[in-house]
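Engineer: after the sequence you'll find the predicted model.
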Amino acid sequence: MHKQILRTAVAVAVTGSVAQAAYAQSSVTLYGIVDAGFTYTNNQKGNSAYQATQGNVQGSRWGLLGTEDLGGGNKVLFRLENGLSLESGALGQGGRMFGRSAWVGLSNSRAGTITLGRQYNSVQDYLSNLQINGVGAMSQFGNAVYDNDDLNNTYRTNNAVKYTTPTFSGFTANAMYAFSNTAGDFSNNRAWSVGADYVAGPVRLDAAYSLVNHPASNTAGAAPSDNYYGTSSSIISNVARNQVWGAGGAYAFGPATVALLYTNSHFDLLTGGSLRFANYEASVRYQLTPVTLLSLGYIYTSQNSSSATAANGHYNQLALGGEYFLSKSTDLYLNGIYQRSSGAKAWVEGVSNPSSNNGQFVTVAGIRHKF
């Protein structure tokens, strides 16, 4: 009798172990991008500049992406992604170890996904699919002036909880809330966003909205002061409230993809008044050969100011880019960007200094490898 009980107990234990092993599978993937090149600017504060630059098409990084299958359509997932400079070896995003992403979450195939940590907001999640350097062989220099819509990821969001729906008939949506993390100051430096994406065959449609209240007022909140806009790279500073919204679409036919995107950014300033930017983007990507990709993009930006610290302005920017793929993991790129402004000095996004006049031309060449 005792032997029978023992055999039964062992059988149950073994069966349970096998069943657990069958669904409790986990994996961790190490990945990364290294991107470096040379950039020429015809006018930075009145002088031409020849510079070694990195992270031109995509920011250099390495990361860990992990999942654990819990069974029943449930998963645990996480991402830790580091940003770095190939030129100096320094950490990016204000010296953070995992400044690009750092989150963990739970996913269910029917209910959706919840993630917690440092994340992208809904505008970045969805509108980046349509931005000029998101649809083809274009570097960060092709983005809107001052990265006013944050699609070049000037800042990411701390203390964030995000919910993403499953995809239903091509439709996906998400919502994010980020805490201030300051006792007695719940509304200061908090953020929220919502967005949606629809993909059906050759058609893609995206829309999103984000808001940050009193960003950069401290280092503990949703938009920390050491990882936000500043006068070293833009005219945007002393922000009391930051709203961004936008919408657009793309259509693919044959080797070509055409995209249109509108974004609107509104900055209420602590010093009084506001800054508003409206960006109108159009771009086309063309796969000339299996190893050659060409892109053309145009952005018109209107800058409206009711603040004494900035003037009204208009910017017209044309960008042309090309990629040649040496392999699936490695490509060479060449870009040319020209910006013409009125009412303000030209300043191509990603360039160290503004022009001394209303024109600025940038060309960049480099190599990118993904692993």
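Structural biologist: That came in fine, so what should we check first?
Engineer: would you map the helices across the stretch 101-250 of the chain?
Structural biologist: For the stretch 101-250 of the chain, applying DSSP state H, counting those that start in this stretch gives helices covering 122-127.
Engineer: bridged to residue 366, which residues?
Structural biologist: Under DSSP bridges, the beta-bridge partners of residue 366 are residue 37, residue 333.
Engineer: right, and it touches residue 333 too?
Structural biologist: Yes. With contacts defined as Cβ atoms under 8 Å, residue 366 counts as touching residue 333 at a distance of 5.9 Å. Just so you know, the C-beta spots here come from the backbone N, C-alpha and C atoms, and that holds for glycine as well.
Engineer: quick one: common contacting residues for those two?
Structural biologist: Counting by Cβ atoms under 8 Å, 6 or more residues apart in numbering, the residues touching both residue 366 and residue 333 are 37, 56-57.
Engineer: give me the pLDDT for residue 167.
Structural biologist: Residue 167 carries a pLDDT value of 97.
Engineer: what's the neighbour count on it?
Structural biologist: By the criterion of other Cβ atoms under 10 Å, residue 167 has 13 neighbours.
Engineer: same check on residue 79?
Structural biologist: With other Cβ under 10 Å as criterion, residue 79 counts 21.
Engineer: repeat that for residue 181.
Structural biologist: Neighbours around residue 181, by other Cβ under 10 Å: 16.
Engineer: tell me the contacts of it?
Structural biologist: Residues in contact with residue 181, defined by Cβ under 8 Å, 6+ apart, are 158-159, 220-221.
Engineer: tell me the bridge partners for the residue nearest to residue 344 when sequence neighbours are not counted.
Structural biologist: Spatial nearest neighbour of residue 344, excluding adjacent residues (Cβ to Cβ, 6 or more residues apart in numbering): residue 313 at 3.3 Å. Under DSSP bridges, the beta-bridge partners of residue 313 are residue 303.
Engineer: just to check, residue 313 is in contact with residue 346?
Structural biologist: No. Applying Cβ under 8 Å as the test, residue 313 and residue 346 come out as separate, 9.6 Å apart.
Engineer: what about those two, which has more around it?
Structural biologist: A count of neighbours by other Cβ under 10 Å puts residue 346 above the other of residue 313 and residue 346, at 24 against 20.
Engineer: what secondary structure does the more buried one sit in?
Structural biologist: coil (DSSP: H, G, I helix; E, B strand; the rest coil).
Engineer: for it, report the pLDDT, please.
Structural biologist: Looking at residue 346, its pLDDT is 97.
Engineer: can you check residue 94 too?
Structural biologist: Residue 94 carries a pLDDT value of 89.
Engineer: shouldn't it be within a strand?
Structural biologist: No. Residue 94 is assigned coil when assessed by three-state DSSP, not a strand.
Engineer: show me the strands in the stretch 201-350 of the chain, by range?
Structural biologist: Taking DSSP state E, counting those that start in this stretch to define them, one finds strands in the stretch 201-350 of the chain at 203-213, 239-253, 256-269, 274-289, 292-305, 313-325, 330-342.
Engineer: closest to residue 28 out of the ones you listed?
Structural biologist: Among the strands of the stretch 201-350 of the chain, the nearest to residue 28 by Cβ to Cβ is strand 330-342 (24.1 Å).
Engineer: tell me how many other residues crowd residue 224.
Structural biologist: For residue 224, the neighbour count with other Cβ under 10 Å is 23.
Engineer: for the chain, which residues score under the pLDDT cut-off?
Structural biologist: 1-24, 135-136 (pLDDT under 70).
Engineer: do that again at 50, thanks
Structural biologist: Under the criterion pLDDT under 50, the flagged ranges of the chain are 1-22.
Engineer: just checking, residue 146 touches residue 229?
Structural biologist: Yes. Residue 146 lies in contact with residue 229 (Cβ under 8 Å); the separation is 7.4 Å.
Engineer: any common contacting residues for the two?
Structural biologist: With Cβ under 8 Å, 6+ apart as the test, residue 146 and residue 229 both reach residue 236.
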